[in-house]
Structures are given as C-alpha cells and as structure tokens.
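Q: Quick one: sequence plus predicted model below, questions after.
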Amino acid sequence: MTDALWYFARGAGVVTLVLLTIVVALGIGARSGRPAFGLPRFGVNMVHRNAALLAVVMVVGHVVSLLFDPYAQLRVFDLVLPFVGNYRPFWQGLGTLGFDLLIAIVVTSLLRQRIGVRVWRLVHWLAYLCWPIALLHGLGNGTDNGTWWLWTVSGICLATVLAAVGWRVSPSFARFPARVARRVPQRSLQEVR
Amino acid sequence: MSEHRLHIDWTACDGRGLCAELLPELLVEDDWGYPVSRDGTAEPAIPRRLEGPAQRAVDRCPALALRLVRR
Amino acid sequence: MTTAAAAPARVERRLLAGPADGRLETYLATHGRLPVLDAPRLIEVLREAGLTGHGGAGFPAWRKLSAVHAARRPAVVIANGAEGEPASGKDKALLGAQPQLVLDGLQLVARALGASGAHIYVTAASVAGVRSALAERHRAGLDQVAVNVHVAPDTFVSGEESAVLAAISGRPAVPADKRVRIVESGLGGAPTLVQNVETLAHIAQIVRYGPGWFRSAGTSDEPGTFLATIGGAVLSPGVVEAGYGVPLGDLIDAAGGATEPLQAVLVGGYHGGWVPPNPDLPVSRAAMTPYGASPGAGIVLALPVGACGLAETARIAGYLAGQAAGQCGPCINGLPRLADTLTDLARRRARPGLPAEVERLAALVTGRGACRHPDGTARLIRSSLRAFESDVAAHLSGRCLAVR
C-alpha cells in the first residue's frame, strides 16, 4: 500500500511539473496578446487558467498521498513551513515553498475581481520563482533522481520555459512595438475594483 | 427600456484584445490594439444574444478594464 | 421669470465692477453681507436666473446643486480655479480682483448644502491672495464652513472634475474612470459639487441682486455675463466681461482692437473651434454651434491674416498631445499621431489622403478616454480643417495662403 502511495505521489509530482510548464508557457502567451500555440487569445487565457487549476488538484494529490505515506515522514505543518522536514529537508522544503507560492498565485487569481489588478499582478510575478523551485524540488527530492526519464521530462520542461522566456524578452514579443507606454494610475483603496 | 452597455475603463485597458476576440460583432481593434466600438458609441449596447460572451469578456479581461452597465 | 427684454448684449462689468483694493471692508461696503439661503430656495433662485457653469461645459448650475442636495448626505463643495488652459486668464484675474465674491459663493453653497467640507483649488499664483482673503474672512467671522486651500499643478488636465478630486485627495491630478457621478459620490464618498470659481462668483451676485438683475444681461436663452480672455493679434490682450451674445467685434475692441486684419478667431480655447472674423457674430452657444465651437470658458484668440491657421492649430495640437495624462491608450498614442499628421499638412509635406487621415484619427480618439481631452483636441482639429478649407487645398499643392 505504501508503495502505491509513493508511486502515486511521484507520478502526481511529475504531472504537476508538466502542467506548471504549460501554465508558464501559456501565461507568457497570454501576456503577448496574440493567439499562441494554435489557440485564440481567449483560448490561451482559459487553458492557462484551467491548467493551473488542474495543477493545483495534482499537487494536492501529490501532497495528500505523501502525508499518508510513512516513508515520506511528511507532517501537515511541513506544508507551510519549509526546510524543517525529516526527509531530505532542503529539497522537500523547496516543495513546500513551491506549493505555498502556487496556492498564493491561484487564490489571488480566483479573487482577482475583489483584490484588483495591482495586488494580483504583484503576486503573479512569483510564478517565475515558483516554477524553477518546482523543477529543482523534483530533481532533488524524488527517489527517481538519476533516472533517465525524469531527467528527460525535466529537460523538456526546462527547454520549454526557456524558449517561452526567450520569446518574452525578445523585441518581436510586443504586438504593437510602436505603442507608447501608458502611465498606470495610482488608485485609491476604495476604487480597487 | 434600459439595456446593458459595455463600459471600458480606459485608464486600465492595456489593449490585450480578448474582448475584441470574444465580441467581434461589437468591437474591432484600432491601430494600437485598443478596442473600438463598431457602432461608433463610447459604450456599445449589448444585444441579448451577446450577453454571455460579454460577461465572459468582462470576467477574462486581464486588466479588469470592462464593466457591464445599465443605461 | 424673465423681466423686461434685456438690452442688446454688450461689454459690461459686473463681476469685475467695483473697487478691487483687496480689502474685505471695501467689499462688504460695496456688496453688503452675504444672504443665507437654504438649498431649495437657492436652487429655485439659480433656476430662475438660468446660470450655467463657466468652467467650459456650461451645465445648468441649479441642476448640479439639486443633484447634490437630493443625495441627502453631508456634501463637499469644491471651487475649481485650476484654469489649466494656457490661453485663459479669467479665473486668475477674478481671484486677484474679487476673491471675496468667489469665497462668498463657495460659502453660500456650502452652507445651503450643509456641507461637511469646502475646498478651493487654485494655481500657485493665486494661492497667496486667496489665503489672505480667507484670513480676513476668518477674523470677521464670516465663514461657517472652513475652507481648505489646495494648489493645482500647472497642467492642462488638472482642472478636470475627477482630476480635481484626485489632487485634493493627495493623488496626482489626472482624470479617473467615471464609475459613479461625482454629485452622488465624490470626495471620500460624499456627494461633491465641483464648481468653477467664476460660477460661484455669479451665484454670490445673483443672491444679492436677484435673478431678474442677472437676466438683464446676456440673451434670454443664455442670460448673464461671462469673463472672456482675449488674446492673439489684439492691442491689449486681457480679461474682459460681457453679456452672452455680445458681438465678437465688441470683445476684440474691448481688448484694444485687432492689430492686423483677422483671418479667423479661436473661440472656447484649445478645445474650442475656429470661427470667421465676423465682428457681428454673437458670442453665444447658439451662434457658435454651427462652427463646432462654443464660448466654453470664454477664451477668444485672434488669428491675423499673415499667420497660417493650420500651422497654429498644429502647434496647439502638439501642445495638447504633450499634455495628455498618459493613462489611456487611444489618447496617448492617438494625439501625437494626430498632431504629427496635422503638422505634415501644415508644413506642406503633402501626401494623398492626408486630410482624410486627419479626420480618421480625430474620429478614432473621440470618446475613447477617461476624460474629454482627446474629444476636445479632435474637435479643434476638425474645425481647423473646415475653417481653413481653402488653405488645406493650397497646402496639398505646396502653397500656403497666409504667406505673402
């Protein structure tokens, strides 16, 4: 039984990484204001969102199965407090961090209408921190580290994110490069949304 | 008889183009990617059959620049 | 109700009449103490008088007051003397010559509405005078509602209603998206009345001398006097007061007369329109509308025949583009493009479809911003294409009618 939990946790972890890679790539695609990856703009926006929600489901599955697996020695407060775990504290701590960041990003996104664009955007930038943490956690923590397939999957995910980020910083990213930058207004607290 | 109209908060709009994509009957993009109302008004009227897509546009706008208002 | 038919509209001093030595005693000796009216009575008096706003929009004063009163919550009153328009000097002149009239109007309205706060928003140049006038009033115990003085930045859009609110709340003086009407919820959520300083001065006179007196100047549709800033090719540019409907020639003469034969006159300021230099043309909303202009905040700029109307308009358009708050995409992108295109036409860098491109851009920016800055700019430019139509044709073939 514990083996099954362990295998499930590993699998869910890898699927989460793949989903998060899709989320990051589509997030950058959404920012471009262009149709991307064969999807219309609205599609990019929706798949980005849905993949993120699916990633949350997968990571919760990953974490819950580890809570029940005695080999992982995971306690509930390890979910919020990083680096104090019993099993590979550093690498597991990265997992905690990544998990917390993901929850923060997703929750603020779901409450976007209430909290306003400014706060939302600030937290959303943490995605660029969350993803590498998730990648490193997977490489350092799982018993699969060293297996060829984990390295392959991680490599493909890394290549994807690097390509997307490369696109993001390239001059051809903007749809209207001649566009004048707007001065974003200060908002009073009352008129957040 | 009041109807729904689409209000654009121009201080928030970043010209991402989701609204023009979801409501092509009502909106088109200008030279810089910002939405222009096809009927020439500042706040295009939303016909009943487009209320769904309009609400979706309001919800998904990355800049939260859209609102449905009753006039 | 209207009294006997008004005399023909003419240049005459009312706001600017009387001694202006800046002393409260002199003012009270001339005008007497301010009567106290409650809101319903004040609204009634202003409705009879037919006073409209003098900040540019020309909205009936009684309506705004009525809307704020109807909210039935403690209100806030703001006297707007920002005068962002560079070609306008009337608010500054009024605040310099008769600050007590403005402050009386502010106090009257504030008391009538049971306001919790009153504010006056003026440029740096007027602050000292306003503060000392307020100090005198304070010593004489005249002001029941305390008045806070705020400095308006020297930008074009700083006088826009929502920009005024932002500035008074300590934020940059730029317009905001209009969610709720300011008269329902404005400063700190309170129903807020923003009124131009000249309008408040008129109110202070109307309650003393009556709506009939007010209506004895101007026309029956547009009663009362207004302050006009006359500039351009005139001998003594400055601020002049006249009844609405005054012939354009009378205003030019009151500023010393034209220094050269005139080609056109810009009425209503940088968001106004060009009208023909017809001395008999009445300066009223009714007479100006066919030219796409209106008296607005009373700016009158005389363009001599030796100057190029398109070049002058292009210069103004460039200024207006630079004065955009920069918050709204269509405006911050569209106005510079519009100004550049008009400049190309003004500099005779002709290409096919140039006037059509100007028209297209003007239509593109209209109505697509948080405030009416792009609309006003587009209006001015369109009116220049109409007023200088023959010059447009000349420019397209490389000539200019103004160059002799």
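A: Now that the structure is in, tell me what you want to look at.
Q: rest of the way, CA atoms for contacts and neighbours
A: Fine.
Q: Just the closest residue of chain A to chain B, please.
A: At 4.6 Å from chain B, A:G33 is the closest residue in chain A, using CA to the nearest CA.
Q: which residues sit in contact with that residue?
A: By CA atoms under 8 Å, 6 or more residues apart in numbering or on different chains, the contact set of A:G33 is A:R41, A:R175, B:G15, B:R16, B:G17, B:L18.
Q: quick one: which of these has the most company?
A: Tallying neighbours with other CA atoms under 10 Å in any protein chain shown puts B:L18 at the head of the contacts of A:G33, with 26 neighbours.
Q: show me what contacts that one?
A: Residues near B:L18 by CA under 8 Å, 6+ apart: A:G33, A:R41, A:F42, B:A57, B:R60, B:C61.
Q: and the helix of greatest length in chain B, how far from the chain's centre?
A: The residue-count maximum for a helix in chain B (DSSP state H) belongs to helix B:51-60. The chain centroid and the centroid of helix B:51-60 are separated by 9 Å, computed with CA atoms, centre = their mean, to the nearest Å.
Q: Which neighbouring elements make contact with it?
A: Using 3 or more CA pairs under 8 Å, 6 or more residues apart in numbering or on different chains; DSSP states H and E, the elements in contact with helix B:51-60 are helix B:18-22, strand B:66-70.
Q: And the residue of chain A closest to chain B, its phi and psi?
A: Main-chain torsions, A:G33, degrees, to the nearest 10: phi 70, psi 10.
Q: separation between it and B:L27?
A: 16 Å (CA to CA, to the nearest Å).
Q: longest helix anywhere in chain A?
A: Assigned via DSSP H, chain A shows its longest helix as helix A:2-32.
Q: Give me the distance from the helix or strand following that one to the chain's centre.
A: As assigned by DSSP states H and E, the chain's next helix or strand after helix A:2-32 is helix A:41-68. In terms of CA atoms, centre = their mean, the centre of helix A:41-68 is found 9 Å from the chain centre.
Q: hmm, back to that, for the longest helix of chain B, the averaged confidence score.
A: The average pLDDT within helix B:51-60 is 95.
Q: so that helix versus helix A:41-68, what angle?
A: Counting by axes from the mean of the first three to the mean of the last three CA atoms, to 10 degrees, helix B:51-60 lies at 60 degrees to helix A:41-68.
Q: Go ahead and name everything in contact with helix B:51-60.
A: With contact meaning CA under 8 Å, 6+ apart, helix B:51-60 is reached by A:42, A:45, B:6, B:18-19, B:22-23, B:46, B:64-68.
Q: And for stretch C:37-54?
A: C:1-2, C:58-63, C:65-66, C:69, C:108-109, C:111-113, C:195-196, C:198-199, C:202-203, C:206-207, C:210-212, C:214-215, C:222-224, C:226, C:296-298.
Q: and that stretch, which residues are buried?
A: C:37, C:39, C:42-43, C:45-54 (16 or more other CA atoms under 10 Å in any protein chain shown).
Q: And for stretch C:136-146?
A: For stretch C:136-146, burial by neighbour count (16+ other CA under 10 Å) applies to C:E136, C:R137, C:D143, C:V145, C:A146.
Q: Determine how far it lies from the middle of the whole chain.
A: How far stretch C:136-146 lies from its chain's middle: 28 Å, per CA atoms, centre = their mean.
Q: Show the average pLDDT along that stretch.
A: 94.
Q: List of residues touching it?
A: C:L24, C:Q107, C:A110, C:R111, C:A115, C:S116, C:G117, C:A118.
Q: Return the subset of the residues you listed lying in helices.
A: Short answer: the contacts of stretch C:136-146 in helices (DSSP H) are C:L24, C:Q107, C:A110, C:R111.
Q: The second one: how many residues sit nearby?
A: Taking other CA under 10 Å as the criterion, the count of residues near C:Q107 is 27.
Q: what's the distance between it and chain B?
A: 34 Å (CA to the nearest CA, to the nearest Å).
Q: ditto for the first one
A: For C:L24, the distance to chain B under the criterion CA to the nearest CA works out to 44 Å.
Q: and the nearest residue to that residue once chain neighbours are set aside, what element?
A: The shortest distance from C:L24 to any residue other than its chain neighbours is 6.7 Å, reached at C:E136 (CA to CA, 6 or more residues apart in numbering or on different chains). Taking DSSP H and E as the definition, C:E136 sits inside helix C:124-139.
Q: How far off centre is that helix?
A: That offset, for helix C:124-139, works out to 23 Å (CA atoms, centre = their mean).
Q: Now that helix: buried residues?
A: Within helix C:124-139, the residues scored as buried using 16+ other CA under 10 Å are C:S126, C:V127, C:G129, C:V130, C:R131, C:A133, C:L134, C:E136, C:R137.
Q: List the pairing partners of the next helix or strand after it within its sheet, with orientation.
A: Counting by DSSP H and E, the element after helix C:124-139 in chain order, helix or strand, is strand C:147-152. Strand C:147-152 sits in its sheet next to strand C:117-123 (parallel), going by DSSP bridges.
Q: Kindly calculate the angle that the partner strand makes with helix C:124-139.
A: Using the same axes, to 10 degrees, strand C:117-123 lies at 150 degrees relative to helix C:124-139.
Q: Could you count how many residues lie near residue 18?
A: I went with chain A, as the question did not name one. Residues near A:V18, counting by other CA under 10 Å: 19.
Q: ah, I was thinking of chain C
A: A total of 14 residues lie near C:G18 under the criterion other CA under 10 Å.
Q: same check, this time on A:G95
A: Residues near A:G95, counting by other CA under 10 Å: 29.
Q: Checking my notes, it in a strand, right?
A: No: looking at A:G95 with DSSP: H, G, I helix; E, B strand; the rest coil, it is helix, so not inside a strand.
Q: picking up where we left off before, among the contacts of A:G33, give me the pair with the biggest separation.
A: The distance between the two most remote of these (CA to CA) is 13.4 Å, for A:R175 and B:L18.
Q: C:V300 belongs to a helix, doesn't it?
A: No: the assignment for C:V300 (three-state DSSP) gives strand, which keeps it out of a helix.
Q: Any residues of chain B in contact with chain C? List them.
A: B:9-15, B:30, B:32, B:34, B:36, B:41-42 (CA under 8 Å from any CA of the partner chain).
Q: Check whether C:V265 sits in a helix, strand or coil.
A: From three-state DSSP, the assignment for C:V265 is strand.
Q: The closest residue to it other than its chain neighbours bridge partners, please.
A: In space, and not counting its chain neighbours, C:V265 is closest to C:A302: 4.6 Å by CA to CA, 6+ apart. C:A302 forms beta bridges with C:G232, C:V265, as assigned by DSSP bridges.
Q: now, which of the ones in helices among the contacts of stretch C:136-146 sits nearest chain A?
A: For these, the nearest to chain A is C:A110 (24.9 Å; CA to the nearest CA).
Q: got a list of what that closest one touches?
A: Per CA under 8 Å, 6+ apart, neighbours of C:A110: C:A75, C:V76, C:V77, C:G117, C:A118, C:V145.
Q: can I assume the third one sits in a strand?
A: Think C:V77. Yes: under three-state DSSP, C:V77 sits within a strand.
Q: Counting neighbours, what do you get for it?
A: C:V77 has 29 nearby residues by other CA under 10 Å.
Q: State the distance from it to chain A.
A: For C:V77, the distance to chain A - CA to the nearest CA - is 20 Å.
Q: tell me the pLDDT at that residue?
A: Looking at C:V77, its pLDDT is 98.
Q: Show me the beta-bridge partners of it.
A: C:A118, C:L193.
Q: So which residues on chain B come close to chain A?
A: B:11-12, B:15-18, B:21-22, B:32-33, B:60, B:63-64.
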